[in-house]
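Peer 1: I'd like to go over a predicted model; first the sequence, then the structure.
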Number of protein chains: 2
Amino acid sequence: MAEQNNSHRLRMIDVARKAGVSTATVGRVLHNRGYVSEDTRERVEKAIHESGFQINLVAQSLRRQRTRTIGHILTHLLPNPFFAGVEVGVEEVAVEQDYNVMLWNALDSAGREREGVEAFIQRQVEAIIFTTPRSAANVELALKAGLEVVQVERPVAVDSHMVLVDNYVGARAAVEHLLELGHRRIGYLGKILVGSPELVDNQRYRGYLDGLAAAGVAALDEWVLLDLDPYLIEDGYRGLRLLLTRDPQVTALLVFSDIMAAGVFQALYDLKLRAPEDVSVIGFDNTYAPYLSPPLTTVAIPMVEVGKAAAQVAIDALENRQRKLRYYGKKLATQLIVRQSTAPPHI
Amino acid sequence: MAEQNNSHRLRMIDVARKAGVSTATVGRVLHNRGYVSEDTRERVEKAIHESGFQINLVAQSLRRQRTRTIGHILTHLLPNPFFAGVEVGVEEVAVEQDYNVMLWNALDSAGREREGVEAFIQRQVEAIIFTTPRSAANVELALKAGLEVVQVERPVAVDSHMVLVDNYVGARAAVEHLLELGHRRIGYLGKILVGSPELVDNQRYRGYLDGLAAAGVAALDEWVLLDLDPYLIEDGYRGLRLLLTRDPQVTALLVFSDIMAAGVFQALYDLKLRAPEDVSVIGFDNTYAPYLSPPLTTVAIPMVEVGKAAAQVAIDALENRQRKLRYYGKKLATQLIVRQSTAPPHI
DNA sequence: TGTGTATATGTTATCGATAACATATAGAGT
DNA sequence: ACTCTATATGTTATCGATAACATATACACA
């Protein structure tokens, strides 16, 4: 009932006039700082509530030189739910602390990523979270603009905060689980990248190799496929069929992602084979795993926690800017979630 | 090499001084409007590029009274990929037209949704897209603030733009597909809500009923479960098992969502039954469908298109504000995607 | 020569909130 | 009575970009 005129939004000065005070006093009431008499405070609060006043954060941002806005640049919200998970975490922590989040899908393109960085700089975001960055130059562009930068999962530049995931340990845990069940002929479907062994892809593969080696099991070349697109279901499908022609005796499989594992399941389904009776399968990510048949044992990446950590790192850095802290680094643990796609080998 | 001082961001006036002109001239170059001599234009452009100047859109927004920002309030990015799909579409169209998107997860809570609306009003977003709105009061709050409002899929208030999906036709198409294959005993797993028959949930059920009726097939009560949580995999699992105890002769199933269908598949897997050999299954959404075993026949909701349409509706309204248009309404078609979970009944 | 117009550029008030500063009063302490 | 301080409130320059306005020159055409 109170207001009717949509087009005209109230300003602080309107509230001030209504309450018969100055904008400074309204500000003092709003931010609960400085001296305000009880009587005045009540009048101002009444004016605020009655008029439905909402402060203009654009003006506030300009004046305070703080937007309390975080930019989140991510590869693509579809189809891998990992990014949605991270975004949920980022937003939860940000909102808790009165920040808002702007989103940018980089669509796996460095050019598009760069546009995102520039848009965010122009919008005066205070920090950019890259999940995951694609080009070091883009990360550096953000740093040069004086923003706090957090690289998630797959850092491409050196000088920024980072939130990483312990993929190596996760992959090893998966292999160890299979070994404990009695498997010896364990395959691997995935990809390796040339370059740093620190890259996620390579870490998972190393975990697989080291896990086998530690148990004194040699990994045969024919058990391993390393040239697949790790987030394409078709490659999981093709991968399994290829692997079985190379060595039909493989009893278990570590697959780079849940998406690929879904492809593996489809291939098994076509072949009228069953997991875990005919072959045990472990995925990675815990995105599609709960929805597959059978529910897939997988190495869970704590997506939401990753997002929360990234936002908290960014905010911590922002709240302590004068201290000029070194870059934060954080590595989160993965967790093996045993469901129904793994069992002892059938002999 | 150019700049070194991170903490000090360049303003238009710095560029202006560097080029030996006024800010007005820099503005003219930047926005390519008004008269600028070729000579001056080049000097200014040089100054802009050399200094890496990025315009401050916070200041611009305040002055122009236009933020070119759209707020997107969605239920929850996880676990239903529908919301991520819509967001991708919203963002694509927005960015194309120089808007940016702020995201807010309402977490299925009306209170949280309201906080989102208020935060967005304070941030001076120009439009809010609700995917999907939860409380009419919140939608009205946004309208009262003079924002353009688009309700997606599940409108709760009357006076705003809407982007809907033709669930009824989709469900009917699914049933017709099953009938054509020769099925007569067709089950339904889902939920109905008291209230408007326009609600998504009820539309799908009505499509099922009408599809059967049009073919002269009576829907038996024991084929239908209507009290399940339509986005819980467990309810799909329970639903299938319950249905088979009620009538083991059911040969096909229309399931409210892909998530539920995933649960149905898990139940079948446990029972060592196969789709489509033992029972044909159709899902809804086309989110998890491509990843299940077998790939699930489903009624696709064009999520990305929905998001694009919503953003375009919002922007069209913003660009034509003086015309005071009536509210836009748009209904997008679903599409039956036939994969491998449907086949003629085995008799 | 004078007037008009296209071109080129500069000056300034403004968007809304706020921090710094200024002002004013009441009461405490000497 | 006088100074000091706590309390209470108002005034104003500022954040950076911009639109409206002002100014200035060059040239065309009468």
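Peer 2: Cool, the structure landed.
Peer 1: the helix or strand hosting A:Ile282 near chain B at all?
Peer 2: Secondary structure from DSSP states H and E places A:Ile282 in strand A:280-285. No: Strand A:280-285 lies out of reach of chain B by Cβ under 8 Å from any Cβ of the partner chain, never closer than 11.2 Å. The C-beta positions use only the backbone N, C-alpha and C, and glycine is treated the same way.
Peer 1: next one: stretch A:131-150
Peer 2: Yes: Stretch A:131-150 lies within reach of chain B by Cβ under 8 Å from any Cβ, at A:143-146.
Peer 1: quote the end-to-end distance of that stretch.
Peer 2: Stretch A:131-150 has its terminal residues 9 Å apart, counting by Cα to Cα, to the nearest Å.
Peer 1: about what we covered before: select from the residues of stretch A:131-150 next to chain B the one having the most neighbours.
Peer 2: Using other Cβ atoms under 10 Å in any protein chain shown as the neighbour test, the residues of stretch A:131-150 next to chain B are led by A:Ala145, with 21 neighbours.
Peer 1: dump the residue contacts of that one.
Peer 2: A:117, A:121, B:6, B:9, B:54 (Cβ atoms under 8 Å, 6 or more residues apart in numbering or on different chains).
Peer 1: does the nearest residue to A:Leu199 once chain neighbours are set aside count as helix, strand or coil?
Peer 2: With Cβ to Cβ, 6 or more residues apart in numbering or on different chains as the measure, A:Leu193 is the residue that lies nearest to A:Leu199, at 5.2 Å, once sequence neighbours are left out. State at A:Leu193, reduced to three classes by DSSP: H, G, I helix; E, B strand; the rest coil: coil.
Peer 1: any idea which helix or strand in chain A has the lowest mean pLDDT?
Peer 2: Within chain A, no helix or strand scores below helix A:200-214, which has a mean of 92 by mean pLDDT, DSSP states H and E.
Peer 1: from DNA strand C, how far off is A:Asp316?
Peer 2: 21 Å (Cβ to the nearest atom of the strand, to the nearest Å).
Peer 1: same deal with A:Thr132?
Peer 2: Per Cβ to the nearest atom of the strand, A:Thr132 is found 35 Å from DNA strand C.
Peer 1: quick one, phi psi at that residue?
Peer 2: The phi/psi pair for A:Thr132 (degrees, to the nearest 10) reads phi -110, psi 150.
Peer 1: pretty sure A:Ser135 sits against A:Glu113.
Peer 2: Yes: the criterion here is Cβ atoms under 8 Å, and A:Ser135 meets it with A:Glu113 at 6.1 Å.
Peer 1: these two: which has the busier surroundings?
Peer 2: For A:Ser135 and A:Glu113, the more surrounded residue by other Cβ under 10 Å is A:Glu113, and the numbers stand at 25 against 18.
Peer 1: quick one, strands of chain A?
Peer 2: For chain A, the strands defined by DSSP state E cover A:69-74, A:100-105, A:127-131, A:148-152, A:161-165, A:186-189, A:224-225, A:252-255, A:280-285, A:297-300, A:329-332, A:335-337.
Peer 1: okay if I get those strands as a markdown table plus mean pLDDT and distance to B:Asn286?
Peer 2: Below are those laid out as a markdown table (pLDDT from 0 to 100; distance: least, Cβ to Cβ, whole Å):
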| stretch | mean pLDDT | distance to B:Asn286 |
| --- | --- | --- |
| strand A:69-74 | 98 | 22 |
| strand A:100-105 | 98 | 20 |
| strand A:127-131 | 98 | 25 |
| strand A:148-152 | 97 | 28 |
| strand A:161-165 | 96 | 29 |
| strand A:186-189 | 97 | 25 |
| strand A:224-225 | 96 | 29 |
| strand A:252-255 | 98 | 23 |
| strand A:280-285 | 98 | 21 |
| strand A:297-300 | 98 | 23 |
| strand A:329-332 | 95 | 32 |
| strand A:335-337 | 98 | 26 |
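Peer 1: any chance of those strands in CSV with distance to DNA strand D and mean neighbour count as columns?
Peer 2: Output for those, formatted as CSV (distance: least, Cβ to the nearest atom of the strand, whole Å; neighbours: other Cβ atoms under 10 Å in any protein chain shown):
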stretch, distance to DNA strand D, mean neighbour count
strand A:69-74, 15, 27
strand A:100-105, 18, 24
strand A:127-131, 18, 28
strand A:148-152, 18, 27
strand A:161-165, 25, 24
strand A:186-189, 51, 26
strand A:224-225, 53, 20
strand A:252-255, 50, 30
strand A:280-285, 42, 28
strand A:297-300, 45, 26
strand A:329-332, 31, 14
strand A:335-337, 46, 16
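Peer 1: now those strands in JSON lines, with distance to B:Phe82?
Peer 2: Converted to JSON lines, the strands of chain A look like this (distance: least, Cβ to Cβ, whole Å):
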{"stretch": "strand A:69-74", "distance to B:Phe82": "18"}
{"stretch": "strand A:100-105", "distance to B:Phe82": "16"}
{"stretch": "strand A:127-131", "distance to B:Phe82": "21"}
{"stretch": "strand A:148-152", "distance to B:Phe82": "24"}
{"stretch": "strand A:161-165", "distance to B:Phe82": "26"}
{"stretch": "strand A:186-189", "distance to B:Phe82": "29"}
{"stretch": "strand A:224-225", "distance to B:Phe82": "33"}
{"stretch": "strand A:252-255", "distance to B:Phe82": "26"}
{"stretch": "strand A:280-285", "distance to B:Phe82": "19"}
{"stretch": "strand A:297-300", "distance to B:Phe82": "23"}
{"stretch": "strand A:329-332", "distance to B:Phe82": "28"}
{"stretch": "strand A:335-337", "distance to B:Phe82": "24"}
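Peer 1: returning to that earlier point: for PyMOL, what selects the buried ones among the contacts of A:Ala145?
Peer 2: A single PyMOL command selects the buried members of these (16 or more other Cβ atoms under 10 Å in any protein chain shown):
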select buried, (chain A and resi 117+121) or (chain B and resi 9+54)
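Peer 1: the contacts of A:Ala145 also near DNA strand D: which ones?
Peer 2: B:Arg9 (Cβ under 7 Å from any atom of the strand).
Peer 1: ok, so of the contacts of A:Ala145, who is nearest A:Thr40?
Peer 2: B:Arg9 (38.0 Å; Cβ to Cβ).
Peer 1: list the contacts of that closest one.
Peer 2: B:Arg9 makes contact with A:145-146, B:54, B:56, according to Cβ under 8 Å, 6+ apart.
Peer 1: just the pLDDT for A:Leu199.
Peer 2: With respect to pLDDT, A:Leu199 scores 71.
Peer 1: how about A:Gly195?
Peer 2: 71.
Peer 1: quick one: A:Gly283 and A:Tyr291 touch, right?
Peer 2: No: checked against Cβ under 8 Å, the pair A:Gly283 and A:Tyr291 is beyond contact range at 11.3 Å.
Peer 1: what does chain A put close to DNA strand D?
Peer 2: Counting by Cβ under 7 Å from any atom of the strand, chain A sits next to DNA strand D at A:20-25, A:28, A:34-40, A:59, A:62-63, A:65.
Peer 1: buried subset of those as a ChimeraX selection?
Peer 2: With 16+ other Cβ under 10 Å as the burial test, the buried ones among those are selected in ChimeraX as follows:
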select /A:21,25,28,36,40,59,62
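Peer 1: among the residues of chain A next to DNA strand D, name the ones in helices.
Peer 2: A:23-25, A:28, A:38-40, A:59, A:62-63 (DSSP state H).
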